[in-house]
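Need a 3D model of the following:
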Amino acid sequence: MNARRFAIVLPVILCAAFAMAQSDDDAAAIRREHCNAGVFVSGGSGLFDRDNVQFVRAGIRVGRVMTGELGSGYLRGTFEEDIEFTPADYFLWAGFRPVYGLGVNPVVMKWNFTHGKKLIPYFLAQGGMIHTPIKVPPGNTSKVNFTEGPGVGFNYFLKPGRSVTFDFRATHISNASLGDHNPGINSSLQIFLGYTWWKQ
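Prediction:
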């Protein structure tokens with residue numbers, strides 16, 4: 001790196017380091033036991049042999065951080081449990097009319113990596129169900145389908161007690177043989193975008 005580039009890059013690096021050192025701990029609320037609530041929208045598509053189905057969802061979420069910080073270093077974190085309600089749940093199946101449903105994920109378990117001051121990544125595991133007025137997918141299937149799968153995402157704290165949430169979820173959908181036919185969707189990718197209020 002020549003002197004001119006060094007003279008340009010060095011102040012930028014120093015300013016960034018200073019800003020990081022002086023930043024407030026906006027994510028303090030996620031480091032202790034307390035409740036939170038949020039809203040979200042999501043969309044996604046089936047993969048591989050089920051790329052002809054899409055999902056559109058919107059709902060609310062309530063949760064609680066169950067522990068204080070555990071562990072050390074970059075693995076330090078808190079355990080959180082959430083419940084998600086999706087009163088607007090749509091299946092968009094190619095060659096078949098859109099189907100509206102109601103969904104609930106009563107089990108959304110998260111491990112929040114709390115090393116950062118604004119950006120808090122997490123891993124999650126989810127389990128829930130979707131009820132539709134007609135059988136989905138078409139055929140001798142079921143009006144009830146179950147959802148499960150892992151995910152990865154993050155909270156970005158805009159200010160203390162307020163964050164935007166973004167995650168990717170690999171979701172398996174199946175009626176667990178409630179119907180005579182259980183084609184299921186072995187894998188789908190769903191993207192969630194939300195806003196969360198953290199109790200101060």
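
for the residue nearest to the spatial centre of the chain, phi and psi?
A centroid search over the chain (CA atoms, centre = their mean) returns Asp167, at 3.9 Å, as the residue closest to the centre. Asp167 adopts backbone torsions of phi -150, psi 160, taken as degrees, to the nearest 10.

how far away is it from Gly101?
21 Å (CB to CB, to the nearest Å). For every residue, glycine as well, the C-beta is placed using N, CA and C.

Grab the nearest non-local neighbour of the residue nearest to the centre of the chain.
Gly153 (2.4 Å; CB to CB, 6 or more residues apart in numbering).

Next up, the contacts around that neighbour.
Listed by CB atoms under 8 Å, 6 or more residues apart in numbering, the contact partners of Gly153 are 121-122, 124, 165-168, 192.

got JSON lines for the residues you listed, with pLDDT too?
Listed next are those as JSON lines, based on pLDDT from 0 to 100:
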{"residue": "Pro121", "pLDDT": "97"}
{"residue": "Tyr122", "pLDDT": "97"}
{"residue": "Leu124", "pLDDT": "98"}
{"residue": "Thr165", "pLDDT": "96"}
{"residue": "Phe166", "pLDDT": "96"}
{"residue": "Asp167", "pLDDT": "95"}
{"residue": "Phe168", "pLDDT": "94"}
{"residue": "Phe192", "pLDDT": "96"}
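
Could I get the full set of helices for the protein?
3-22 (DSSP state H).

Which stretches in it count as strands?
Here the chain has its strands, by DSSP state E, at 34-46, 53-65, 77-93, 99-113, 119-131, 144-159, 162-174, 185-198.

count of residues packed around Met66?
By other CB atoms under 10 Å, the residues close to Met66 number 13.
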